[in-house]
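Participant: need a 3D model of the following:
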Amino acid sequence: METVNEAIKDLRNELKDVIRSLEYAHEEINALKSSLKTVNEEKESLVSECQSLRKLLNETIPRLDYIDDQSRRFNIRFSGVHEAKGENAEQTEHKVAKLVADKIGITPNLEREHRVGKHGSGPRDIVARFATQRQRDAILAKRSQLKDTTIYMNEDFCPATVEMRKKLIPQLKTARAEGKYACLSYRKLIIRSFSLRQTNSNKETTTDKNEKKSTSMKPIELFSPPKTNQPISQHDDSSPQKVEAGPYIDKTEDGMNDQLDNRTPPRDTSRVDSDLALPKPIRETVKRPRRPQSKK
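Facilitator: Numbers count the residues shown, from 1 in each chain. Alright, predicted model coming up:
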């Protein structure tokens, strides 16, 4: 019995130790839960802040690209210009000025020019900055004069705008192959469904329709002759016409009064048509009392 009691005491002590460890574990779990809750709250705040920063970044990048493009609006990028070994800024300036003066016919007013890109098999591009945007636009308007050469002139844009324009070039080529009007305007591709041939054909069809309408329309008689049973005699302008003299008209005051009296007889006011006769006014008859006769 003593051994059994000692064994029971040992089990009870072990059970108490297990209970204490479980309580301690529960306390740790509760602490971890509270810390995890705070971590989740911080995570949500960080996620919302990251989303707002990403939105702000997406809004600012196009603005920065636009500012960069606006700072390049005085520039022209020349491609295909020969590059000599050890070429300096003065030599590049001389090449650009000579090219613009000989091929385009404009004496440029350059502020700065330099080559961009890495050294490779071909010549690097030249970015030239002009004094005014008007002169730069005038030079770009005459870029077609360089068709017979291996030199190209283009507007100078930031790398992001250049990549966007490169992606639109295949669509530009397909639209032009179909005969449509297509061009690039900054970062947009403009395509119009009509072509020059269609517009000319439409003009021809409209003119043909107008001609048909004009031929089908009948002439309008402004003055129609009076309808009489007697035939209208045709007079020749060459033959003299007989003119009968009218009666003599006395233009004095007495003569005019006599003529007016003869022409317009006095109106008979006593005679009134039955239709125009006015109704007679209705008189109300009032019966008056008779006076009593006096007896004689």
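Participant: tell me the secondary structure at the nearest residue to residue 108 once chain neighbours are set aside.
Facilitator: Of all residues not flanking residue 108 in the chain, residue 100 sits nearest, at 4.6 Å (Cβ to Cβ, 6 or more residues apart in numbering). Placement of C-beta: from N, CA and C, glycine included. State at residue 100, reduced to three classes by DSSP: H, G, I helix; E, B strand; the rest coil: helix.
Participant: how many neighbours does residue 100 have?
Facilitator: Per other Cβ atoms under 10 Å, the neighbour tally for residue 100 reads 22.
Participant: confirm residue 84 sits in a strand?
Facilitator: No. Assigned with three-state DSSP, residue 84 falls outside any strand and is coil.
Participant: which strand or helix spans the nearest residue to it once chain neighbours are set aside?
Facilitator: Spatial nearest neighbour of residue 84, chain neighbours left out: residue 91 (6.9 Å); criterion: Cβ to Cβ, 6+ apart. Element membership of residue 91, judged by DSSP states H and E, is helix 89-99.
Participant: who touches that helix?
Facilitator: 78, 81-82, 84, 107-108, 110, 113-115, 126, 128, 151 (Cβ atoms under 8 Å, 6 or more residues apart in numbering).
Participant: how about that helix: buried residues?
Facilitator: Neighbour-count burial for helix 89-99 flags 92-93, 95-97, 99 (criterion: 16 or more other Cβ atoms under 10 Å).
Participant: gap between the nearest residue to residue 118 once chain neighbours are set aside and residue 85?
Facilitator: Spatial nearest neighbour of residue 118, chain neighbours left out: residue 124 (7.6 Å); criterion: Cβ to Cβ, 6+ apart. Relative to residue 85, residue 124 is positioned 12 Å away (Cβ to Cβ, to the nearest Å).
Participant: more neighbours: these two, which one.
Facilitator: Per other Cβ under 10 Å, whichever of residue 124 and residue 85 has more neighbours is residue 124, with 17 against 4.
Participant: just checking, that one touches residue 116?
Facilitator: Yes. Counting by Cβ atoms under 8 Å, residue 116 is a contact partner of residue 124 at 6.3 Å.
Participant: pLDDT of whichever helix or strand residue 38 is part of, averaged?
Facilitator: Assessed by DSSP H and E, residue 38 sits inside helix 2-71. Over the span of helix 2-71, the pLDDT mean works out to 90.
Participant: stretch 127-136 too?
Facilitator: The pLDDT scores in stretch 127-136 average 94.
Participant: now do that stretch: everything it contacts.
Facilitator: Residues contacting stretch 127-136 (Cβ under 8 Å, 6+ apart): 73-78, 96, 106, 108-116, 139, 156.
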